[in-house]
Every structure is written in structure tokens, then in C-alpha cells.
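J.: Compute the structure for the input listed below.
(one chain, ligands or ions: 1)
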Amino acid sequence: MAEPHVIEYFNGSFTKTSRGAKKGVTAMKVLLINGSPRKNGCTSTALSEVAGEIWAQGIETEVFHIGNRPIRGCQACGRCRALGHCVFSDDPVNACLEQAAQADGLIVGSPVYFAGINGALGALLDRMFYAGNALLAYKPAGAVVSCRRGGAGSAFDRLNKYFTISNMPVVPSQYWNAVHGNSPEEVRQDLEGLQIMRTLGRNMAWLVKSLAAAKDIVPRPEAEVRVRTNFIR
Ligand SMILES: Cc1cc2nc3c(=O)[nH]c(=O)nc-3n(C[C@H](O)[C@H](O)[C@H](O)COP(=O)(O)O)c2cc1C
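T.: Model prediction:
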């Protein structure tokens, strides 16, 4: 088994850990974003279980840890429309978008904070999806949340909303994708949660492979010219 290697950006403000595909299999890749400030915490434990299964199915995995430095919120300046990326490059947002755009599938993991996703991840995803959701369209995506006790459903729902507004097929599992625990040790005791993660990983691999196999046979749906009505009538 290939050992993961770690690439540090911005003096360690965020990290990327890659695991190459098994020998002789596809060059496809799934990016897993760890939104927790804790690099090796509960979210990471859940994501590792997903990544392990994706890798076992012959697909490369890459974990992008967003780090624990401040990530500014969207300034609503609209410059991204012309640039194709966020105007601010002093935090992980554009690097994360770049990695996600190159991947064949995306998993986003968040700890549950007050029944929602954590603030830094929300700031990152708002800017990343506002600037670049066209680059992410038609890539299968899955959400993972980690909580001590409650609020997983609303956090899970919020993450899925980034995908469903971006034409990203949502990858299912056998239950809603949450693990429970306050430490990696506790998460490892959540055997059902871990199984849900493995099922998510297998389903992601199956969808990524299916879409790749169908690429030349079934064209992507043609988009209509966008209509925007702002509830003014
Ligand atoms: C600011 C803050 C708010 C939290 N809010 C919740 C919550 O609403 N529900 C819950 O079950 N756990 C809550 N927790 C606990 C974390 O969600 C939980 O420990 C999670 O598994 C941590 O994941 P991590 O180790 O990847 O950061 C909160 C933790 C913090 C720091």
C-alpha cells in the first residue's frame, strides 16, 4: 500500500495528503475536504474511513485540510464572475477550488457546530462555490458530518445544498452520513457510523467509474440559458 504524502502550503496553514491509486488501476481521483480545525480529529477519522474504501476500489484519494487560520467570509464583490476564482488568494479557498476542479469526485467533511457546519468551512465553501461551481458541475459529491450528540441533520443538509445548487449528483449511503464522538477514539466506537462512511466510499467509487465509463456514450445534459427571478412579482 502506498504511504500517503503530505504537502504543506502557506507555512502549514492547510495541508494536502494524497494517496495514489492502487497499481494498475484508474487515474481518477476523489478530493476529500476536512473542514475541521482539528487535522486529526473526528471528521478526519470519518473521512479516512471513506477514503480507505474509495482507495480500495482503485481510485486515488486526496485529503485537503483547510487548516486553523482565519478564512474570510465572502465580501459579495462579484469579482469572481470575471476572474473565475476568488479575488482573495491569502487563504486556502482558491487552492481548494483548484484541487476540486481537477478531481473526479468531492467529499466535504465538517464537525457540527451549533447544529450547523463550522464557520471557517462555511466561509471557504461560500467563496469556493460562488466563484467556481461551474467547474464542479457533474462531479459526484458527498457530505460527511461529525458531532458529539445532535445537530447532524441540519449540518448535513447545509452541505448538500452546495452540491444540489451546482448540478453535482449527490452520492448516497445507507443512512445520513454522520459519525458520533468527541474524539477519534469515540468515533472509532461508532461502528454504524463507520459502516455508513465505507458505504459512501464504495458508492462514490461506483459513481465515479460509472460516469467515466458513460462519458463518450451519454453526453452531459445541455444547460438552458439561466433564468433568475428574485421573488419580486
Ligand atoms: C464551537 C463548537 C460547537 C459545537 N456544537 C456542537 C453541536 O451543536 N452538536 C454536537 O453534537 N456537537 C457539537 N460540538 C462538538 C463537535 O461537533 C464534535 O466534537 C465533533 O466530532 C468534532 O469534530 P473534529 O474533531 O473533526 O473537530 C461542537 C464543538 C465546538 C467546538
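
J.: What residues does the protein have near the ligand?
T.: 36, 38, 41-44, 111-115, 146-151, 181-182 (Cβ under 6 Å from any ligand atom). Placement of C-beta: from N, CA and C, glycine included.

J.: Just the buried ones from those, in PyMOL syntax?
T.: One line in PyMOL is enough to select the buried ones among the residues of the chain next to the ligand; burial here means 16 or more other Cβ atoms under 10 Å:
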select buried, resi 36+41+42+43+44+111+112+113+146+147+151+181
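
J.: Look up phi and psi at G52.
T.: Per-residue torsions, G52: phi -60, psi -40 (degrees, to the nearest 10).

J.: Not counting residues beside it along the chain, what's closest to it?
T.: G201 (6.9 Å; Cβ to Cβ, 6 or more residues apart in numbering).

J.: how many neighbours does the one you found have?
T.: Residues near G201, counting by other Cβ atoms under 10 Å, number 28.

J.: Run through who's touching stretch 122-131.
T.: Outside of stretch 122-131, the residues within contact range by Cβ atoms under 8 Å, 6 or more residues apart in numbering are 33, 35, 66, 71-74, 80, 83-86, 88, 91-94, 96-97, 100, 108, 116-117, 136, 158-159, 162, 165-166.

J.: what about burial for the residues you listed, which qualify?
T.: Neighbour-count burial (16+ other Cβ under 10 Å) applied to the contacts of stretch 122-131 gives 33, 35, 66, 71, 74, 80, 85-86, 88, 91-94, 96-97, 100, 108, 116-117, 136, 158-159, 162, 166.

J.: tell me which element V50 is part of?
T.: Using DSSP states H and E, V50 maps to helix 42-56.

J.: Go ahead and name everything in contact with that helix.
T.: 19, 21-22, 30, 32, 34-36, 38, 61, 63, 65, 105, 107, 109-111, 142, 144-146, 179, 181-184, 186-188, 193-194, 197-202, 204-205.

J.: Pick out the residue of this protein closest to the ligand.
T.: G41 (2.3 Å; Cβ to the nearest ligand atom).

J.: got the CA positions of the longest helix seen in the chain in CSV?
T.: For the chain, the helix that runs over the most residues, judged by DSSP state H, is helix 191-214. Taking C-alpha atoms only, helix 191-214 is exported to CSV below (Å, rounded to 0.1, in the frame of the first residue of the first chain):
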residue,chain,number,x,y,z
LEU,A,191,-19.4,1.1,14.2
GLU,A,192,-22.6,2.0,12.4
GLY,A,193,-21.2,5.5,11.5
LEU,A,194,-18.0,3.9,10.2
GLN,A,195,-20.0,1.5,8.1
ILE,A,196,-22.0,4.4,6.7
MET,A,197,-18.7,6.0,5.7
ARG,A,198,-17.5,2.9,3.9
THR,A,199,-20.8,2.6,2.0
LEU,A,200,-20.4,6.2,1.0
GLY,A,201,-16.9,5.5,-0.2
ARG,A,202,-18.0,2.5,-2.3
ASN,A,203,-20.9,4.3,-3.8
MET,A,204,-18.7,7.3,-4.7
ALA,A,205,-16.2,4.9,-6.4
TRP,A,206,-19.1,3.2,-8.3
LEU,A,207,-20.5,6.6,-9.5
VAL,A,208,-17.1,8.0,-10.5
LYS,A,209,-16.4,4.9,-12.5
SER,A,210,-19.9,4.7,-14.0
LEU,A,211,-19.7,8.4,-15.1
ALA,A,212,-16.3,7.8,-16.6
ALA,A,213,-17.5,4.7,-18.5
ALA,A,214,-20.5,6.6,-19.8
